[in-house]
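Mind looking at a prediction? Sequence and model below.
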Amino acid sequence: MKFKDFIKEKTIIIIIYIFIIFLIAFILDTFDLITPALVMVVFLLVLFGIVFIFSGFIQRKNFYNQTLNILDHLDNKSLITEAMPEAYFIEGEMLKKILRTTEKYKREQINKYKFKEEEFEEFMELWVHEIKTPLSTINLITENNPGKVSDSIKEEVAKINNYVELILFYARSQNLEKDYIIKNTNLKDVINKVMINFKKDFILKSISLDIHNIDYQVKTDSKWLEFISKQIISNSLKYLKENPKISIYAKKNKENITLYFEDNGIGIDKKDLPRIFDKGFTGQNGRSKYNSTGMGLYLVKTLCDKLSHGVTVESEVGKGTIVKITFPLGSMTKEIERKD
């Protein structure tokens, strides 16, 4: 808070006060008061005005400076209403009252929103649970009636299952802090579990699979890493070309462990790469042929960010794509554990 700004704000009051001083001096002079007494009265009035202005400025300056300093050091800025210092002037107290009222209203609205969100998540989980029953029944029927038609139905049911899982994980990703456990997880165990889901796809499409050097322990949530891996592999399966091959491997250095998903598919256009993690972005490949939702990689990025994992994509049209998931080691890992 600057003194010139304070003076500017009080300009009208100062002008009125000066006018009052001159008016009092004029009245005293009219009554023929002794000149020294007149000077003394005017001097005291001026002194009182100066003290009043400066004390008001100092009060406000200290209050606002303290408030701004507290705000700078607060991680949760919304707590400022509770941490504000005492204000010894009416405007400061009014400001505190206004802020506390608006903060209370905001919290009430947030609680309403959270309640609706929890209701939605509960409904989605119930819906997913219910929809899986008829899907399982369809799978059972096709298993008992083998043939080309049954194989086609199985493939479509697998797609539906993937979309159903996508919906569920999207709903949960909004409140991930309530639904994850960071602990030592073996990449080999996760990948082996994920590949069971795609076993038939690899056989039917004659895809060459190369999994090596993944026997590493990382700090992550196994359930969410499985989902991330499924989305990446599912994308690779969409964009295959002749003699398809998918490689999954890991590399370790002093700072991190990186898990690689590499394919020799059609690749991603260079102009699309910066936006592939945007919500709903499908790119040239997704729009032209594969009817992509644009949600898979968005969720991969969202979940990796919340789990403090890095995720990057390298791709070249006609040569393939490499997706890298990076798991930090050392101080970064300890920080994740503390958040747990």
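Noted; the coordinates are in hand. Numbers count the residues shown, from 1 in each chain.

Could I get the average pLDDT for stretch 274-286?
Summarised as a single mean, pLDDT over stretch 274-286 is 74.

can you check stretch 93-108 too?
Regarding stretch 93-108, the rounded mean pLDDT is 86.

Contacts for that stretch, please.
Contacting residues not belonging to stretch 93-108 are listed as 78, 80-81, 84, 87 [CB atoms under 8 Å, 6 or more residues apart in numbering]. Heads up, the C-betas are built off the backbone N, CA and C, glycines and all.

same thing but at 7 Å, please
Taking CB atoms under 7 Å, 6 or more residues apart in numbering as the criterion, the residues outside stretch 93-108 that touch it are 78, 81, 84, 87.

On the three-state scheme, the last one is what?
State at Ala87, reduced to three classes by DSSP: H, G, I helix; E, B strand; the rest coil: coil.

what are the phi and psi values for it?
Backbone geometry at Ala87, expressed as degrees, to the nearest 10, gives phi -110, psi 130.

I'd like the distance between it and Lys104.
Between Ala87 and Lys104 the computed distance is 19 Å (CB to CB, to the nearest Å).

In terms of packing, which of those two has more residues around it?
The residue with more neighbours, out of Ala87 and Lys104 and counting by other CB atoms under 10 Å, is Ala87; that gives 19 against 11.

Could you double-check that that one sits in contact with Tyr64?
No: applying CB atoms under 7 Å as the test, Ala87 and Tyr64 come out as separate, 9.4 Å apart.

what's downstream of the host helix or strand of Leu47, the next helix or strand?
Secondary structure assignment for Leu47, by DSSP states H and E: helix 35-73. Moving toward the C-terminus from helix 35-73, the first helix or strand encountered (DSSP H and E) is helix 80-83.

buried set for that next one?
By 16 or more other CB atoms under 10 Å, the buried positions in helix 80-83 come out as 80-81.

Now do it: which elements does it pack against?
Counting contacts by 3 or more CB pairs under 7 Å, 6 or more residues apart in numbering; DSSP states H and E, the secondary-structure elements packed against helix 80-83 are helix 35-73, helix 90-144.

Check those for me: which has the lowest mean pLDDT.
For the helices and strands packed on helix 80-83, the bottom mean pLDDT is recorded on helix 35-73, which sits at a mean of 79.

circling back to that earlier point, and Phe22, which of the helices and strands packed on helix 80-83 is closest to it?
Between Phe22 and the helices and strands packed on helix 80-83, the tightest spacing by CB to CB is seen for helix 35-73, at 8.8 Å.

quick one: the closest one to helix 90-144, angle?
Relative orientation of helix 35-73 with respect to helix 90-144: 10 degrees, computed using axes from the mean of the first three to the mean of the last three CA atoms, to 10 degrees.

Buried by neighbour count: which residues of helix 35-73 qualify?
Residues 38, 45, 49, 53, 57, 60, 63, 67 are the ones in helix 35-73 that count as buried (16+ other CB under 10 Å).

Cool, thanks, talk later.
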